[in-house]
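Chemist: Below are the sequence and a predicted model for it; my questions follow.
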Amino acid sequence: MHRVLLVDDEPWVVYGIKHLIDWEATGYRIIGEAYNGLDALNIIRQSKPEIIISDIRMPGLNGIELIETLRQEHIDAKVIFISGYAEFDYAKRALQLGASEYLLKQVEEAALRSALDKVSAELAREAGLHTDASELTVDELFEILESAYPIKVHNFVSQKGVADVFPHYRLITCLFPEGLKHKATPEASGVEGIHRFHFRTGKNKHSYLLNFDERQNPLPFLDTVAQLKGHADHIGISSLGSYSTPIRQLFIESDIACRQSFINPGKGVTEYKQTDRAEQTVGQILELEIAVKERHAARIKRMMNEFLALMQDQAWSAEEAARLYNQMVSIAYKHVPDNSGTIGFMDYDQMTRAYESLEQLLHHVGALLQPQSGSHYHISNDMIRSIIAYIDDNYAQELTLSDLSRKFSVSLGYLSSMVKKETGITFTEYVTGKRIRLAKELLCDPSLTIEEIVHKIGYKDYFHFNKLFKKIVGVPPGKFKRL
C-alpha cells in the first residue's frame, strides 16, 4: 500500500482530496496532512511517503522549493502538483524538476485516479514489481492483509504496474524447512501467461500471489507449484479468485490449507475447500457431553479416538478442527469448571501454534474432560518457580507448553493448571504478554525493522504477530513504531 502525504495551505482543498476517493480500498494510505511547505518537509523526512500531492504556491516553502529540497536530499518520493491556470509556468518548472504529474484545481476524481495510476506504475517499474515475482515489505504486508477496507486482488495487481491482467488468481503459502537457504521466488523470467508476487509472511514461510488464466492456460500455475514442491515441507493453495476477491481472503485460505499437516502429518500439498461438517458431529458432541456429565472415563477416551480417526480420514481442515475443539471447550466450562481455566477458545491459528498435532490436542482436551480423582502428581513450589523462571528466560525463543512438558516431565494438563495457578493467567497469555511488552520496547528503536523485531521476540509468522499486537495494543506495530 503506497503512503501518501497531502499538502496545501487551504485546509478545505486537503479535505476535498482526502474525501474524493476511497484511498485504502484502492491501495493507498494517507499518512499525514500539511498546510505549508516547511511542515511538509519535516513530515517527509520523518515518515518517508512514496507519493506527495502538493499545492505549488504555499507560504514558508513553495512547491518548487519543496521539490528542489527533496532532490538535493535524494528523497525520491513521487510528486503530484496541484495548480491553477495562472500557475502554468510553475507547473512546467515542477515537471522539469521531476514532478510526475500536475492537476488543475478543482481536482476531479477521474484526474486524481489517472495521476495515481501513473505514479503507481512508475514506482512499480522502478522497483521491478511487474511480471516477475515482487517482494513486499512487512509493513506493506500488514497493510494489505489488515486494511479496514478489503483490498481487491485486481486492484493490488494493477497498482503493481501490470497491464495485461489475467482473469484468475490463486495464493500459495509455503512452509520451508528451518535453515533452508531458500530462493524465495520461483523462476519467472521468460515465462508467459502468469504474474507472480511474493510475500514473505514468516521466518520460514512464503506466500505467492499468482495471476493467470486457469481455464485457458493452467500450465504456468502448475509449473510454479511443482517448483515449490521440490523445496517446501507444506504447501497450501487458496480457492480460485476473480477480479473482486479480497486478497486477505485468499491469504487466509492458503494459510489454513498450509496447516493441513496438523491434521494429517506428512501431507505435502493441500488445496483449500470450504466445508462445514458441524452437523455431522452434532450427535457425537452430544454423546461426549453426556459422557462428561456422567463422568464416564472410558467413553470419553473412546470418543476422543473416534474424533481423531474421523478428522484424519476425512482430511478435515484446521479451521474445522478449531470449531470442534471450541465445542469441547464449552463442555469443559459447563461440566468441569475446575479444569476449564487451563484451556480457552482458539481459532485455527492459535490452535496449531499451541499444539504440535491434532492427536496431542485431543489427548490434552480428553484428559481435562476426564473425571478427577482428586489426586495429582505433585510438583513442589520450587519446581513451579523454576518453570516460571525458565519461561521468563526463554519466552523470546520459540517456546510451547509441550516443550515445557517434556523438559520438566510433567503432563500437559497438570503443567497448564500449575502455570495458571502461579501467574493467574494461562501459559499462552503469560508468554504473549511478555513478548508484546518487549516488542513495544524494541519498536522504539529506529534501527530495528519490524521483521527483525518479530524474530527477536520469538515469533516466526509476521501476520500472527501483527494480529496479536493490534489486538492487545490497539494499533498495528507499524503505526505504533511511527507514534
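Modeler: On my side now, so go ahead.

Chemist: Give me the three-state assignment for the closest residue to Met351 other than its chain neighbours.
Modeler: In space, not counting the residues next to it along the chain, Met351 is nearest to Ala322; the distance is 4.9 Å by Cβ to Cβ, 6 or more residues apart in numbering. (Each C-beta comes from the backbone N, C-alpha and C, glycine too.) Here Ala322 is recorded as helix under DSSP: H, G, I helix; E, B strand; the rest coil.

Chemist: now the one 5 residues further on
Modeler: Under the three-state scheme (three-state DSSP), Gln327 adopts helix.

Chemist: ok so, going back, okay, the residue nearest to Met351: pLDDT?
Modeler: With respect to pLDDT, Ala322 has a value of 94.

Chemist: quick one, strands of the stretch 101-250 of the chain?
Modeler: If DSSP state E, counting those that start in this stretch is used as the criterion, the strands of the stretch 101-250 of the chain fall at 101-104, 135-136, 168-175, 194-200, 205-212, 234-237.

Chemist: Can you pull out the low-pLDDT segments for the stretch 151-300 of the chain?
Modeler: 178-191 (pLDDT under 70).

Chemist: rerun that using 50 as the cut-off
Modeler: Along the stretch 151-300 of the chain, segments meeting pLDDT under 50 span 181-185, 187-190.

Chemist: all helices of it, in order?
Modeler: With helices called from DSSP state H, counting those that start in this stretch, the stretch 151-300 of the chain shows them at 153-159, 219-229, 247-258, 282-293, 297-313.

Chemist: Pipe the ones you listed into JSON lines and attach distance to Ala40 and mean neighbour count per row.
Modeler: Formatted as JSON lines, the helices of the stretch 151-300 of the chain follow (distance: least, Cβ to Cβ, whole Å; neighbours: other Cβ atoms under 10 Å):
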{"stretch": "helix 153-159", "distance to Ala40": "24", "mean neighbour count": "20"}
{"stretch": "helix 219-229", "distance to Ala40": "43", "mean neighbour count": "16"}
{"stretch": "helix 247-258", "distance to Ala40": "31", "mean neighbour count": "23"}
{"stretch": "helix 282-293", "distance to Ala40": "60", "mean neighbour count": "16"}
{"stretch": "helix 297-313", "distance to Ala40": "57", "mean neighbour count": "16"}
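
Chemist: closest one to Val475 among those helices?
Modeler: Checking these against Val475 by Cβ to Cβ gives helix 247-258 as the closest, at 18.3 Å.

Chemist: Domain-wise, how is this structure divided?
Modeler: 2-127, 135-271, 279-369, 381-482 (automatic domain parsing).

Chemist: can I get the strands of the stretch 101-250 of the chain in JSON lines with mean neighbour count?
Modeler: What follows is these, written out as JSON lines (neighbours: other Cβ atoms under 10 Å):
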{"stretch": "strand 101-104", "mean neighbour count": "19"}
{"stretch": "strand 135-136", "mean neighbour count": "18"}
{"stretch": "strand 168-175", "mean neighbour count": "25"}
{"stretch": "strand 194-200", "mean neighbour count": "22"}
{"stretch": "strand 205-212", "mean neighbour count": "24"}
{"stretch": "strand 234-237", "mean neighbour count": "23"}
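
Chemist: could I get those strands as JSON lines with distance to Ile252?
Modeler: Putting these into JSON lines (distance: least, Cβ to Cβ, whole Å) gives the following:
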{"stretch": "strand 101-104", "distance to Ile252": "36"}
{"stretch": "strand 135-136", "distance to Ile252": "17"}
{"stretch": "strand 168-175", "distance to Ile252": "9"}
{"stretch": "strand 194-200", "distance to Ile252": "13"}
{"stretch": "strand 205-212", "distance to Ile252": "11"}
{"stretch": "strand 234-237", "distance to Ile252": "10"}
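
Chemist: Contacts only, for the closest residue to Phe262 other than its chain neighbours.
Modeler: Distances taken as Cβ to Cβ, 6+ apart put Thr352 closest to Phe262, at 4.7 Å, once the chain neighbours are dropped. Applying Cβ atoms under 8 Å, 6 or more residues apart in numbering to Thr352 gives the contacts Arg259, Phe262, Ala318.

Chemist: Okay, the first one and His198: tell me how far apart.
Modeler: Between Arg259 and His198 the distance, using Cβ to Cβ, to the nearest Å, works out to 20 Å.

Chemist: And the last one, by the same measure?
Modeler: Plainly put, Ala318 is 24 Å away from His198 if you go by Cβ to Cβ.

Chemist: Can I take it that Tyr390 is in a strand?
Modeler: No - per three-state DSSP, Tyr390 lies outside any strand segment and is helix.

Chemist: returning to that earlier point: so which of the strands of the stretch 101-250 of the chain is nearest Lys434?
Modeler: Proximity to Lys434 (Cβ to Cβ) singles out strand 205-212 among the strands of the stretch 101-250 of the chain, at 23.1 Å.

Chemist: Tell me the helices and strands packed up against that closest one.
Modeler: Counting contacts by 3 or more Cβ pairs under 8 Å, 6 or more residues apart in numbering; DSSP states H and E, strand 205-212 packs against helix 153-159, strand 168-175, strand 194-200, helix 219-229, helix 247-258.

Chemist: In the stretch 351-483 of the chain, where is pLDDT below threshold?
Modeler: Low-confidence segments of the stretch 351-483 of the chain, defined by pLDDT under 50, span residues 374-375.

Chemist: if you set the cut-off to 90 instead, what comes out?
Modeler: For the stretch 351-483 of the chain, the stretches with pLDDT under 90 are 353-356, 364, 367-385, 396-422, 424-429, 444-456, 458-471, 474-483.

Chemist: Brilliant, that's me finished.
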